[in-house]
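In: Build the 3D model from these lines:
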Amino acid sequence: MTIARTAAATLLSLTLLTAACGDDDTDVRADDVPADATDTTDTTGSTTTVPPASSDGTVPAAPPDITGTITEVAPFEPITEDCTPAEDVDPDGSVSSNDPPVCTPPDNDVLGTVLVEEQPGVQDGRKISFTLTTSTVLTGDDGAPLGEFADLAVGQTVDGWSTGICAESYPEQCSAVAIRRRS
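Out: As a prediction, the model looks like this:
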């Protein structure tokens, strides 16, 4: 009888533990994601929920990933001279620091990056380096279009929304869905 109780208790414990832990691949912000969000699967098979890109020029309905101050602005500079076209690079070939850089593809839509810090000048706090593309929504507080990447400047307070796929570095590195400049 003792063996049966021990086995039953072990099985119950494992069942409760499995239910409590859940699926570690689930997006932790699942409750914050709008109903029209989409799921994407990366090369490892993990599924990530991505907020919609706001094709109507508005910010997502979800709360921003960060509200902070822009501390760096870096426009993207394409590489077009003294470079190797991507189609000429052997994917199985050796790589050396002496190799010329790979040319930027003509259909590249990257505008640049901005670093947004919750607490500028302090090591603590969240910091996100956002990559902005031509599909990133840029607005002011009133929802009016901000204009262009060049209108972002160091010292501005902004809200930032990421695609949900971020490099877990410090600062985090994410693609931006939307940036809203605050007054």
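
In: for this protein, where's the lowest mean pLDDT among helices and strands?
Out: strand 47-50 (a mean of 39; mean pLDDT, DSSP states H and E).

In: quick check: mean pLDDT across the helix or strand just after that one?
Out: Using DSSP states H and E, the helix or strand that follows strand 47-50 towards the C-terminus is strand 66-75. Averaged across strand 66-75, pLDDT comes to 97.

In: tell me what strand 66-75 is packed against?
Out: Using 3 or more Cβ pairs under 8 Å, 6 or more residues apart in numbering; DSSP states H and E, the elements in contact with strand 66-75 are strand 110-117, strand 127-133, strand 157-167. C-beta coordinates here come from the backbone N, C-alpha and C atoms, glycine included.

In: mind listing what's buried in the shortest one?
Out: Just to be clear, that refers to strand 127-133. Of all the residues in strand 127-133, those buried under the rule 16 or more other Cβ atoms under 10 Å are Lys127, Ile128, Ser129, Phe130, Thr131, Leu132, Thr133.

In: Skipping its backbone neighbours, what lies nearest Asp82 in space?
Out: Counting by Cβ to Cβ, 6 or more residues apart in numbering, Asp82 lies nearest to Pro100, which is 5.8 Å off, once chain neighbours are set aside.

In: nearest to Pro75, of the buried residues of strand 127-133?
Out: Of all the buried residues of strand 127-133, Pro75 sits closest to Leu132, with 9.7 Å by Cβ to Cβ.
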